[in-house]
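In: Build me a model from this:
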Amino acid sequence: QVQLVESGGGLVQAGGSLRLSCAASGRTFSSAVMGWFRQGPGQEREFVAAIRWSGGNTYYGDSVKGRFTISRDNAKNTVSLQMNSLKPEDTAVYYCAAASAFGGSYYVTLIRGYDYWGQGTQVTVSS
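Out: Here you go, the predicted model:
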């Protein structure tokens, strides 16, 4: 089992920045990919970003490319999401997720590609 705990959410004005963190514990050696997803009010959960523990390859959803940056700290078993130039449409609950295996660049964008999920942290961007 892998436990994931997100932190760093909050309220920010449009154009501002926030940094989310995800702390992984438990059988973290079994995780190959860490991802961030988000779910806005009345919306489906969507892919935001992902990173491979080994090699650090990164993947981004189209709506956040150039604004968000995902990074990892292998020694601390943490993954961060730096969010810049935030927009009201970025308002959502952000979830951290862990995958036991890397199934390819398309698979990391899928909810079913992940085995473990955190409880989520709320990000609200005011206009």
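In: What degree of burial does the nearest residue to W117 once chain neighbours are set aside show, as a neighbour count?
Out: Leaving out its chain neighbours, the residue that sits closest to W117 by C-beta to C-beta, 6 or more residues apart in numbering is A97, at 5.1 Å. Any C-beta I mention is one placed from the backbone N, CA and C, and that applies to glycine too. A count of nearby residues for A97, using other C-beta atoms under 10 Å, gives 25.
In: Give me the helices and strands touching the host helix or strand of A97, please.
Out: Element membership for A97 (DSSP states H and E) is strand 92-99. Under the contact criterion of 3 or more C-beta pairs under 8 Å, 6 or more residues apart in numbering; DSSP states H and E, strand 92-99 touches strand 2-7, strand 18-26, strand 33-39, strand 116-117, strand 121-126.
In: Dump those into JSON lines; add mean neighbour count and distance to I51 as well.
Out: Putting these into JSON lines (neighbours: other C-beta atoms under 10 Å; distance: least, C-beta to C-beta, whole Å) gives the following:
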{"stretch": "strand 2-7", "mean neighbour count": "18", "distance to I51": "14"}
{"stretch": "strand 18-26", "mean neighbour count": "18", "distance to I51": "11"}
{"stretch": "strand 33-39", "mean neighbour count": "24", "distance to I51": "6"}
{"stretch": "strand 116-117", "mean neighbour count": "18", "distance to I51": "15"}
{"stretch": "strand 121-126", "mean neighbour count": "17", "distance to I51": "18"}
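In: That'll do, ta.
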